[in-house]
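Visitor: Quick one: sequence and predicted model below, then my questions.
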Amino acid sequence: MSNIAQVIVNIPARSIDKPFSYLIPEQLPAIDIGWRVLVPFGSRKVEGFVISLEDEPTDGLKSILAVLDDYPWFNDNMLKTAEWLSRYYLCSPAEAMRLFVPGLSGIKSTKAYQAAHAIDCEQASILLAAKPAEYRTVLSYILDHGPVSQADLAKLPGSIETILKFLLQHKLIIHTDTVLKRGKASTIRLINLTVSKESAAQAEQALPPSKSAQRRLLHALIQTGELSPTELRNLHISADTVRKLTSQGLVASREVQIFRNSYNTIIHKVDEITLTTAQQQALQQIGPVLKAGIHKSFLIHGVTGSGKTQVYIKAVAEARGLNRQAIVLVPEIALTSQIVARFQAAFGQDVVVMHSKLSVGERHDAWRRLHSGQAGIVIGARSALFAPVDNLGVIILDEEHEFTYKQEDSPRYHARQVALFRARIAGAAVILGSATPSVETYHQALSGEHTLITMDKRVDNVPLPPVTVVDMREELLKGRRSVISPALTEMLAEALFRKEQAVILLNRRGYSTFVLCRECGHVLKCRHCDIALVYHTPGHSLRCHYCQERHTVPDTCPECGSRYIRYFGAGTQKVEEALNALFPTAKIIRMDQDTTTKKMAHDKILAAFAAGTYDILLGTQMVAKGHDIPNVTAVGIISADTALNLPDFRAAERTFALLTQAAGRAGRGNKAGRVVMQTYNPDHYAIVNGGMHNYQGFYENEIIFRRQLNYPPYSNLIKITVQAGDEIQVHRNANQLAAELSPVSANAATTVIGPFPASVAKVKDIFRVNILIKTKDMAEVTGHLANLNIACRKDVIIDIDPINVL
Ligand SMILES: Nc1ncnc2c1ncn2[C@@H]1O[C@H](COP(=O)(O)OP(=O)(O)OP(=O)(O)O)[C@@H](O)[C@H]1O
Ligand SMILES: [Zn+2]
Ligand SMILES: [Zn+2]
């Protein structure tokens, strides 16, 4: 029998990349692959994941201390996904496996103090005789109470820190860990009858009138069968009353798990709708794959408002009918409460919503409901991908082109990639959906990796809104300097007149309100980060968007002393002022970083706008996404092209997607929509095709550029960032690393570019230099990087398939 477990300890340090062996103690026979356990590690107790068993007897092994659950946490599918993730993204096994644990760790350990093993009381009293009385109080408290936390000791008099230091130094006490399991199930006790209702009624009759509480309890139980603590409280029945009846053998209690659920959305009942032909055709392709239980992936390319969500719902219903589970991923849960509500309306309690505001305990409850089969559908942002579903039928990625599917911290995984892998080994289907698919995905679909399903009409043949492109250079030539062109003004005026609503998008990426000296051209930058400071009207202050440091606006230029300092760029605040001047009675709500962090969350703003409380929704990227509000008939896009000039090969893709998605918010109901797009680059293919909702047109231009420059999908990219606090050092380290990479570039399929300073070359006083690898032979390069062992270097970040190459 195997009695040795190979355990991955849940410590995110990248240098720990191997499992450790532990003895399985006889009293814990259930331990098997996939279990979470508690193990000693150095002086600590840590969480561990069992990945294999052995029976090679080895001397001096430590034993597993405890199991954390009463079932294996990882199923085979989860283990394989974690293993692949760690290999592909070059992260440690622990970094990959902890993605499957809510809150990244299943235990909470706190520092505690306990008496040293061989404490010599006589010597101790001599030692402490010269010290104030508090020293003796603290020591005897620790002696009496066993392991105590610092928080417990804080109640005692005296300066605890100093006293503890002294006691530790003289080895009277030692450090220890107290470990608590996180996410313990919450339970309540339900009270019920142990005798028949007739006997209970007789017992009630037999009680004297003075025992009214006992009579009330019996009476209520005869009627309802079972009572919760809240119901008992409402009936004014005390624990004592329950105890008395329990001792008479009339009632008993049982413990049941309760699930915390803070995501209270009102569930709207929907009428069964008739599917459109396009929706039916999509499902005719997906259905058989679900039934066959084979892996296959689909790309639904459906224009905005074509009814993709309804296809997702039907596909999930189909999977549930086959008793298989579904994972539904959305880019950002706060912006997608509409799709969440639609799933809840369709599936009720079968849906678990993973929201970033859930506590760790609530996450555990959600996981437990899925694991136990009480729920079969999980909907959430990318982390929902790691849900413990045993019988996976389908994974859906809505708005698959969104960059939020890429995690920007280690492990830097892309949810689409992980979804495809997990579904492949589970024999499950994947449905990718978007009106503006990523160039990579569309290319894969054209080459047969995904089945392409096209939905090119809106539901009920509602027309896509016509787009007027306004050339802002001509406006300027005509002497019009306002951020809001006459065409946009006119469209807004008409919409407001008809009591319809408008959305205004300010595409501000790479372009915000910065402060510039008109004499010498100096731009005010952050001292710690190599980036322009952003001007904020409230408080008349400057802020760094990387380190959040605030500065006051100087009266004179720090470079040349000139007093001519000007604010450039159109921030949302500036546009709001302009709109207020044009439409003084219109109610405007702003949604950007400033407003969403302070006043209202995204979903509240969207809900208020959808309810008609405001006439105009103004904001950055986030106003363009996902919402379906029938009364929105006008969409204005200010400076459509600001991101086009960024030195990022995806600049055109980002711009096109944003414009098309924004335009797609207009005219979704039975009222016709219109769009005005202001730009300085009316001839760019991203703008031209964005103005025509023409994805194919955009793709055909873009793919030529990608092929010429050998960018994805024609290659894979790997970005290596070297960091150091010293500018000379960082370049030296990067050059050295580039030299080590020379065998990589010997392969004709691979090019190494750089080192070159990152576009923001310094963040929080740390300098950053990038090396970019372009390759057609990913396996060879990652194999090489793994051999070089750079993945575990603290000063190096490896980003596989980076979204941000700057
Ligand atoms: N078969 C149908 N019959 C009637 N109305 C439908 C049908 N399918 C969807 N709808 C409605 O059409 C509207 C658009 O659908 P949905 O939001 O699913 O589109 P979408 O393709 O997801 O759009 P986007 O990509 O722009 O978010 C919604 O209001 C939805 O309720
Ligand atoms: Zn100056
Ligand atoms: Zn800064």
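Guide: Arrived safely. Numbers count the residues shown, from 1 in each chain. Ligands and ions are numbered 1, 2, ... in the order given.
Visitor: Please count neighbours and contacts with C-alpha atoms only from this point.
Guide: Will do.
Visitor: And for residue 577, the neighbour number?
Guide: Neighbour count of residue 577, defined by other CA atoms under 10 Å: 12.
Visitor: For it, give me phi and psi.
Guide: Backbone torsions for residue 577, taken as degrees, to the nearest 10, come to phi -60, psi -40.
Visitor: again with residue 774
Guide: phi -110, psi 120.
Visitor: The one 10 residues further on too?
Guide: Backbone dihedrals for residue 784, given as degrees, to the nearest 10, come out at phi -60, psi -40.
Visitor: Skipping its backbone neighbours, what lies nearest it in space?
Guide: residue 744 (7.1 Å; CA to CA, 6 or more residues apart in numbering).
Visitor: Pretty sure the one you found sits in a helix.
Guide: Yes - judged by DSSP: H, G, I helix; E, B strand; the rest coil, residue 744 forms part of a helix.
Visitor: what about it, how many residues close to it?
Guide: Neighbour tally, residue 744, other CA under 10 Å: 22.
Visitor: which ones are touching it?
Guide: 750, 752, 781, 784 (CA atoms under 8 Å, 6 or more residues apart in numbering).
Visitor: from those residues, which ones fall inside strands?
Guide: 750, 752 (DSSP state E).
Visitor: from the contacts of residue 744, which would you call buried?
Guide: 750, 752, 781 (16 or more other CA atoms under 10 Å).
Visitor: what's the closest of these to residue 6?
Guide: residue 781 (28.7 Å; CA to CA).
Visitor: how near is the residue nearest to the closest one when sequence neighbours are not counted to ligand 2?
Guide: Spatial nearest neighbour of residue 781, chain neighbours left out: residue 744 (6.3 Å); criterion: CA to CA, 6+ apart. Relative to ligand 2, residue 744 is positioned 46 Å away (CA to the ion, to the nearest Å).
Visitor: Where is the longest helix in this structure?
Guide: helix 277-292 (DSSP state H).
Visitor: so what strands line up beside the following helix or strand past that helix?
Guide: Using DSSP states H and E, the helix or strand that directly follows helix 277-292 along the chain is strand 296-302. Partners of strand 296-302 in the sheet, by DSSP bridges, are strand 429-434 (parallel), strand 451-455 (parallel).
Visitor: so how far does stretch 225-237 reach from one end to the other?
Guide: Stretch 225-237 has an end-to-end distance of 16 Å (criterion: CA to CA, to the nearest Å).
Visitor: nope, stretch 577-589 is what I meant
Guide: 12 Å.
Visitor: Stretch 555-563 too?
Guide: 6 Å.
Visitor: what's that stretch in contact with?
Guide: 517, 519-520, 522, 564-565.
Visitor: Pull out the buried positions in stretch 787-802.
Guide: 790-792, 796-802.
Visitor: Check the strands paired with strand 296-302 for me and report the most buried one.
Guide: strand 429-434 (a mean of 26; mean count of other CA atoms under 10 Å).
Visitor: Which elements pack onto the helix or strand just after that strand?
Guide: With elements assigned by DSSP H and E, the helix or strand that comes after strand 429-434 is helix 439-446. Using 3 or more CA pairs under 8 Å, 6 or more residues apart in numbering; DSSP states H and E, the elements in contact with helix 439-446 are strand 296-302, strand 451-455, helix 695-708.
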